[in-house]
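In: only geometry, no sequence info:
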DNA sequence: CTGTTAGCGCCTTCAA
DNA sequence: TTGAAGGCGCTAACAG
């Protein structure tokens, strides 16, 4: 591939001049500029970003680590991030941690080696030593956490209003007459899962219903495992302990629950009302459209990237971490609709 | 961020020695190696890939261009590609073309500037000058096309067996008693869309049904536009021209059709049977689970990357282009189920 | 306005 | 086994 030197030769000018027309940093006379541009076209020359980065120590590249690109929530975040990055001429490298601590460590190391100028991070669900993050912060690489926010580490962050969003979902189920609402959560070592659970119990309390520990089902994020757990809860023996509604605090949990419902031939909303955080990627599981608490995924990615770029470019200089919390919205669909057949009286407070 | 020089100083050795222990290319005595490793840890040193790439002119990075990361088919491809790449120590940069020719041109240029060693490309749906691709091939950057294969350009490619897969879908609808099957396709300038259409008409012909041009609906890939078109087809005036089944050759078309069906209050499969290429990302549109022709997306990405790496590493040297076609599978679900109420007699051939 | 040149950090001969 | 040094392609002074 041709280098700047070849272009200079062909155009009959010095490499400095070529560099000037490329970067536009210094004025170059019309005739020379035209000659250079012609040479560039003729050689199909593309400036070597690698060399440029080495010289300027600026890669104009950001990294984003997500648990799994195939979970539809994350591509939306990435699109938001990409859009914000592109607007300022930055590229984005997206990688998957598979929610594994070791993999995340490798990726952070890789991104550092690639000299990305900032990192967008959805921390892995696995418990992770604090040092993983603090080390990279010590290296002065700006990091913005999104979706899942680590604890006890001062770091910029963008996520949904977890508690409020979850409360909205459960309150809706209550309004549809549900009384025994099972809450299905992911790992409670994640702060956002805990916050969402708090939002759920908050909704129950406001309705005068004491949260029942038997109806709080916490698990990992693997749909198969969650489905297994649920099938136990749905066994015929447990019939009279069965909830009349289910709320899931994330999409992976919802997938598991829906599989279990299908396998146990429990209908929604006829037998159990259903609502969940996040839209799903499934078309084989359920008959009714699902009521969902939808996060502004694109905007989460977009805002996080704006903050990251402000840090990189020294526009945001405050020592305190920047914290953005965005509201979710509720999409009410068939899965949570009250059925006259099994309707209960509305709440006094509702 | 510390450089190799700082490590050398701290360890009390030369930079050459440090380089040797990092790359492992030259033996270094135990004591020195330990000292170097200790220094690396202490400084939290990460080798500068930028400098290394400049020196070796190897970035160990691949690029992948897809139309839109938020279409669930593509993240699966990317995961496949990432898996194959990682196995050989390569990283992946994924970018979206939005199916625009100009954007694709920019991205190819960007990837060239980043000096990726190879490119995985799903060509944009917009008509694109051949030169865009040939120029990059001329630069000796290996390219493997996936999913959508360009015409008149000899290039390695991996995709599904389009015609056979589509034929399988339509044959299934026929077996369920459908006779007037509407085929909804994307832009026919894409070869894969044409091949899929051919597969559909092939299935009809084998069943002794002459393809009806009125029942071949070709459009762009924007669900809103497709929905608009379909609503016309579904208008009450056109009731007796209405098909008894619909087959979509891609997921975006399916999204549009399903929206139109919902809006026109046409039930599936009661009023119209339905099957489509690709799994969808929707949970608000349809009651029945969808019958789908599923592409081996992960494997498409994986195989394409293997081929790309073989080209990069000079393992594959043949001048002819490598062509891989993978079989699809049919997932029969409720949307295509024959209903006794409106069942027709089975085909003689079925 | 144009040309010259020093180095960015690293790897890799080559010599010791 | 270890060290010294050139140069990958580029940008940014600086000199002319």
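Out: Sure thing, it's come through. Since the model is a prediction, treat every value here as computed from it, not as a measurement.
In: Residues of chain A that sit close to DNA strand C?
Out: Residues of chain A found near DNA strand C (CB under 7 Å from any atom of the strand) are A:13-17, A:20, A:26-29, A:31-33, A:51, A:54-55, A:57. Placement of C-beta: from N, CA and C, glycine included.
In: ok, and which of those reach chain B?
Out: Among these, proximity to chain B is found for A:51, A:54 (CB under 8 Å from any CB of the partner chain).
In: Distance from the chain centre to stretch A:240-256, please.
Out: Here stretch A:240-256 is found 21 Å from its chain centre; the criterion is CA atoms, centre = their mean, to the nearest Å.
In: Which positions in it come out as buried?
Out: Across stretch A:240-256, burial judged by 16 or more other CB atoms under 10 Å in any protein chain shown covers A:242-256.
In: Out of those, which sit inside helices?
Out: Counted as lying in helices by DSSP state H, out of the buried residues of stretch A:240-256, are A:251-256.
In: give me the residue from the stretch 251-350 of chain A nearest DNA strand C.
Out: Ranked by CB to the nearest atom of the strand, the top residue of the stretch 251-350 of chain A for proximity to DNA strand C is residue A:312, at 17.5 Å.
In: Ok, chain A next?
Out: residue A:16 (2.6 Å).
In: can you give me phi and psi for that residue?
Out: Main-chain torsions, residue A:16, degrees, to the nearest 10: phi -60, psi -50.
In: picking that back up, which of the residues of chain A next to DNA strand C are buried? Put it as a PyMOL command.
Out: The PyMOL selection below is limited to those of these classed as buried (16+ other CB under 10 Å):
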select buried, chain A and resi 13+17+20+28+32+33+51+54
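In: now, which of the residues of chain A next to DNA strand C lie within helices?
Out: Among the residues of chain A next to DNA strand C, the members falling in helices are A:15-17, A:20, A:31-33, A:51, A:54-55 (criterion: DSSP H).
In: Which one of these is nearest to residue A:66?
Out: Proximity of these to residue A:66 (CB to CB) peaks at residue A:54, which lies at 28.6 Å.
In: OK, contacts around that closest one?
Out: By CB atoms under 8 Å, 6 or more residues apart in numbering or on different chains, the residues touching residue A:54 are B:48, B:50-51, B:54.
In: Mind jotting down where the strands sit in the stretch 151-300 of chain A?
Out: Secondary structure of the stretch 151-300 of chain A (DSSP state E, counting those that start in this stretch): strands at A:156-160, A:181-185, A:216-218, A:245-248, A:273-277, A:291-294.
In: Show residues contacting stretch A:186-198.
Out: Applying CB under 8 Å, 6+ apart, the external contacts of stretch A:186-198 come out as A:125, A:127, A:147-151, A:159, A:162-163, A:165-166, A:183, A:185, A:216, A:218-221, A:249-250, A:252-253, A:277.
In: Make a PyMOL selection of the buried ones in those.
Out: This is how PyMOL selects the buried members of the contacts of stretch A:186-198, with burial counted by 16+ other CB under 10 Å:
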select buried, chain A and resi 125+147+148+149+150+159+162+163+165+166+183+185+216+218+219+220+221+249+250+252+253+277
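In: quick one: average confidence on stretch A:33-48?
Out: When pLDDT is averaged over stretch A:33-48, the result is 95.
In: what does it contact?
Out: A:1-4, A:6-8, A:10-13, A:17-18, A:21-22, A:28, B:54, B:109, B:112-113, B:115, B:135, B:138-139.
In: can you pull the pLDDT of the residue of chain A closest to DNA strand C?
Out: At residue A:16, the predicted lDDT confidence score is 93.
In: How much space separates it from DNA strand D?
Out: Separation of residue A:16 from DNA strand D (CB to the nearest atom of the strand, to the nearest Å) stands at 4 Å.
In: Residue A:199 too?
Out: Applying CB to the nearest atom of the strand, the value for residue A:199 to DNA strand D is 49 Å.
In: list the contacts for the spatially closest residue to that residue that is not a sequence neighbour?
Out: Spatial nearest neighbour of residue A:199, excluding adjacent residues (CB to CB, 6 or more residues apart in numbering or on different chains): residue A:166 at 3.2 Å. The neighbours of residue A:166, taking CB under 8 Å, 6+ apart as the test, are A:195-200, A:203, A:247, A:249, A:277, A:293.
In: Then residue A:264?
Out: Taking CB under 8 Å, 6+ apart, we find residue A:264 in contact with A:231, A:234-235.
In: tell me the contacts of the residue in the stretch 1-150 of chain A that DNA strand D sits nearest to?
Out: Distance from DNA strand D to each residue of the stretch 1-150 of chain A (CB to the nearest atom of the strand) is smallest for residue A:4, at 2.7 Å. With contact taken as CB under 8 Å, 6+ apart, residue A:4 is in contact with A:15, A:18-19, A:22, A:45, A:47-48.
In: Residue A:123 belongs to a strand, doesn't it?
Out: No - counting by DSSP: H, G, I helix; E, B strand; the rest coil, residue A:123 is not found in a strand; it is coil.
In: And the closest residue to it other than its chain neighbours, its phi and psi?
Out: What sits nearest to residue A:123 in space, not counting adjacent residues and going by CB to CB, 6+ apart, is residue A:148, at 5.0 Å. Taking degrees, to the nearest 10, you get phi -110, psi 130 for the backbone angles of residue A:148.
In: how close does residue A:148 get to chain B?
Out: Distance from residue A:148 to chain B, counting by CB to the nearest CB, to the nearest Å: 19 Å.
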